[in-house]
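Enquirer: Here's my sequence, what's the structure:
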Amino acid sequence: MRPLYTLLANFIASILVGCLVAVTVIPINLIVLSLWLVLVWFCYARLHMRSSVIVQPLGLALVLFSAAIAPVKTTQHILKSVITFDARKMTLDQLDAYLSSPDNRERMPVRIQLAFSEGDKDEVLNLPSESISVADFIDAIQSQTQLRSRFEHCGNGWTLLWGGDCGSGLIIVDSGLFGAHPKKQFRRE
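Expert: Numbering: from 1, shown residues only. Prediction:
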């Protein structure tokens, strides 16, 4: 009966460690994971608990996999948020002015930055409606222009469960300039 309790205790311990790793930010979660590896090695090498080498990684992998696929990521929440525009049809230059306006920035669920070449400023964007989700906004831009998008964050608030904090916002740039940062090279002031 004792080996069953030992297996169960190892499994529960690994689930607790997995939960801690999933909800803490980098680098704390990496430190916790490193300490856990030392503990498993200690149990195996010093205490001759062979079962902990099999059961603990299994429990940890189960929790971390569940956290990685959990539908609670910050980007998913932002993509469902609604943006309201003044018009359904506007040029990229008008859209850039609208998104850059301090009054409109306050109403956005996330900061949105545009970067496009000077020749594309008169390209017209037709939105499905004046109030659309961020996901529909991204789809409209990517299907009608060469602009592509990505969420940016510095990584300080990143967790396995919630993903990045999207603190730097949504970056929408010309596909040829995708590696460029909008403020540094291609943004007109």
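Enquirer: For the helix or strand hosting residue 77, what does the pLDDT average out to?
Expert: Using DSSP states H and E, the element containing residue 77 is helix 74-80. Mean per-residue pLDDT for helix 74-80: 89.
Enquirer: for that helix, packing partners?
Expert: Applying 3 or more Cβ pairs under 8 Å, 6 or more residues apart in numbering; DSSP states H and E, one finds that helix 74-80 contacts helix 134-144. Quick note: C-beta positions are derived from backbone N, CA and C, even for glycine.
Enquirer: which outside residues touch the helix it packs on?
Expert: 78-83, 109-110, 123, 125-128, 132, 147-149, 170, 172 (Cβ atoms under 8 Å, 6 or more residues apart in numbering).
Enquirer: What's the first helix or strand after that helix?
Expert: strand 147-152.
Enquirer: In ChimeraX, select just the buried ones from the contacts of helix 134-144.
Expert: If you want just the buried ones from the contacts of helix 134-144 in ChimeraX, going by 16 or more other Cβ atoms under 10 Å, the selection is:
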select :78,79,83,109,110,123,125,127,132,147,148,149,170,172
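Enquirer: Could you point out the helix or strand that follows the helix holding residue 77?
Expert: Sequence order places strand 82-84 as the next helix or strand after helix 74-80, per DSSP H and E.
Enquirer: and that next one, which strands flank it?
Expert: strand 131-133 (antiparallel) (DSSP bridges).
Enquirer: Need the contact partners of the strand it pairs with.
Expert: 79, 80, 81, 82, 83, 84, 85, 140.
Enquirer: Now distance to residue 62 too, for those residues, in CSV please.
Expert: Shown next, in CSV, are these (distance: Cβ to Cβ, whole Å):
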residue, distance to residue 62
79, 27
80, 28
81, 32
82, 36
83, 38
84, 42
85, 44
140, 39
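Enquirer: Is residue 114 bridged to anything, and to what?
Expert: What pairs with residue 114, by the bridge criterion (DSSP bridges), is residue 172.
Enquirer: So which residues of the chain form helices?
Expert: 2-23, 28-45, 50-69, 74-80, 92-100, 102-105, 134-144 (DSSP state H).
Enquirer: among those helices, which is the most enclosed?
Expert: Across the helices of the chain, averaging neighbours per residue (mean count of other Cβ atoms under 10 Å) puts helix 92-100 on top, at a mean of 18.
Enquirer: Measure how that one sits relative to strand 147-152, angle-wise.
Expert: 20 degrees (axes from the mean of the first three to the mean of the last three Cα atoms, to 10 degrees).
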